[in-house]
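Asks: Prediction below, plus the sequence it came from.
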Amino acid sequence: MDLLETFKGSNDLLDFKAGTVIFQENSQGGHMYVVIKGEVLVTLNGKELAKATAGEIVGEMALISADIRSATVTALTDCTLAVIDQSSFESLIRHVPDFSKHVMNVLVERIHKAYEKI
Amino acid sequence: MKFIQQLFSKWSETDNFSADSIVLSETGNADVLYVVLSGELELSLRGEVLGQESAGGIIGEMAMIGATAGNPTVRAITDVRLARLDRDQFNRLIAANPEFSQHALAAMANRLRTVNTFISAKLESQK
């Protein structure tokens, strides 16, 4: 599923300046984001976990398990993100199987990368 | 995990493993994934224990992305009963059943949290 195509025309786009913290680990979070433009950095305890660019998602963990943020995300460049709130997320999971599958694949890819660090 | 047990109550492809047997090996290839129906399993990688899975847990998740390698070693702690799915069966279940999608997403998110917490603690202890 091409999330960039799907969400670039979203009514809920936010711009962040380079260096802005988009969300912080261990905080409460009610939104996930699709990167539309620019690049963001994903860290935990100050260590880089990943970077995400156009079409990639961040912040999905807090929505899936209704839990605190598992990582910090910072804008590396000026960037534009599409915002997906909890109810839109649940509706996508319920009605768009390709979206569920896409998010699941992202998680498994991240697990795969994490395993390599052990 | 009643929902999972009901969903798989008529699933014909189930595997049983006795306590202490190796279900998946980190050095081996697997093109199946398993949903845990009963019992307890331990996940480890390069000798480090990552965590445990019980009823409702999903193992062999690398098969979801079409990878056959890269799973941790999974050992049965107790006798276990597992539902076996190939990638197509898994995808069909995702397409047909949003509750299962949600469940599988939560299982993967929890795994990622566990592994990231493990790595983060390990980096801390090396400081």
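Replies: Yep, it's here.

Asks: how about low-confidence regions in chain A?
Replies: Of all residues in chain A, none has pLDDT under 70.

Asks: and it, which residues reach chain B?
Replies: For chain A, the contact set with chain B under Cβ under 8 Å from any Cβ of the partner chain comprises A:44-45, A:47, A:49, A:60-61, A:64-65, A:67, A:70-71, A:93-95, A:97, A:100-101, A:103-105, A:107-112, A:114-115, A:117-118. For the C-beta atoms, the positions are set from N, CA and C on the backbone; glycine is no exception.

Asks: Are any of these buried, and if so which?
Replies: A:44, A:49, A:60-61, A:64-65, A:67, A:70-71, A:93, A:97, A:100-101, A:103-104, A:107-108, A:110-112, A:114-115, A:118 (16 or more other Cβ atoms under 10 Å in any protein chain shown).

Asks: got the buried residues for stretch A:21-37?
Replies: A:22-23, A:25, A:29, A:31-36.

Asks: Which residue, other than its chain neighbours, is closest to residue A:101?
Replies: Spatial nearest neighbour of residue A:101, chain neighbours left out: residue B:94 (5.5 Å); criterion: Cβ to Cβ, 6 or more residues apart in numbering or on different chains.

Asks: residue ranges of the helices in chain A, please?
Replies: Secondary structure of chain A (DSSP state H): helices at A:3-7, A:60-64, A:86-95, A:97-116.

Asks: Which strand residues bridge the residue nearest the centre of chain A?
Replies: For chain A, residue A:58 is the residue whose C-alpha lies nearest the centre (Cα atoms, centre = their mean; 1.1 Å). Beta bridges link residue A:58 to residue A:33 when assigned by DSSP bridges.

Asks: Contacts only, for residue B:39.
Replies: B:17, B:54-55, B:76-81 (Cβ atoms under 8 Å, 6 or more residues apart in numbering or on different chains).

Asks: one more time with 6 Å, if that's ok
Replies: The contact partners of residue B:39, by Cβ atoms under 6 Å, 6 or more residues apart in numbering or on different chains, come to B:78-80.

Asks: same thing with residue B:45?
Replies: By Cβ under 6 Å, 6+ apart, the neighbours of residue B:45 are A:115, A:118, B:26, B:72.

Asks: ok, what's across the strand from residue A:23?
Replies: With DSSP bridges as the rule, residue A:23 is bridged to residue A:73.

Asks: List the contacts of it.
Replies: Per Cβ under 6 Å, 6+ apart, neighbours of residue A:23: A:29, A:69, A:73.

Asks: do you know how far it is from chain B?
Replies: 15 Å (Cβ to the nearest Cβ, to the nearest Å).

Asks: One more: residue A:35?
Replies: Counting by Cβ to the nearest Cβ, the gap from residue A:35 to chain B is 19 Å.

Asks: Confirm for me that that residue is in contact with residue A:57.
Replies: No - between residue A:35 and residue A:57 there is no contact under Cβ atoms under 6 Å: 7.5 Å.

Asks: pretty sure the residue nearest to the centre of chain A is touching residue A:33, no?
Replies: Yes - if you go by Cβ under 6 Å, residue A:58 and residue A:33 touch, sitting 5.3 Å apart.

Asks: which residues of chain B fall in helices?
Replies: B:2-7, B:87-96, B:98-125.

Asks: Just send those back as CSV, with mean pLDDT and mean neighbour count too.
Replies: Shown next, in CSV, are the helices of chain B (pLDDT from 0 to 100; neighbours: other Cβ atoms under 10 Å in any protein chain shown):
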stretch, mean pLDDT, mean neighbour count
helix B:2-7, 90, 14
helix B:87-96, 92, 15
helix B:98-125, 90, 18
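
Asks: The ones you listed: which one's closest to residue A:40?
Replies: helix B:98-125 (16.9 Å; Cβ to Cβ).

Asks: wait, which of the helices of chain B is closest to residue A:82?
Replies: Closest among those, using Cβ to Cβ: helix B:98-125, at 19.3 Å.
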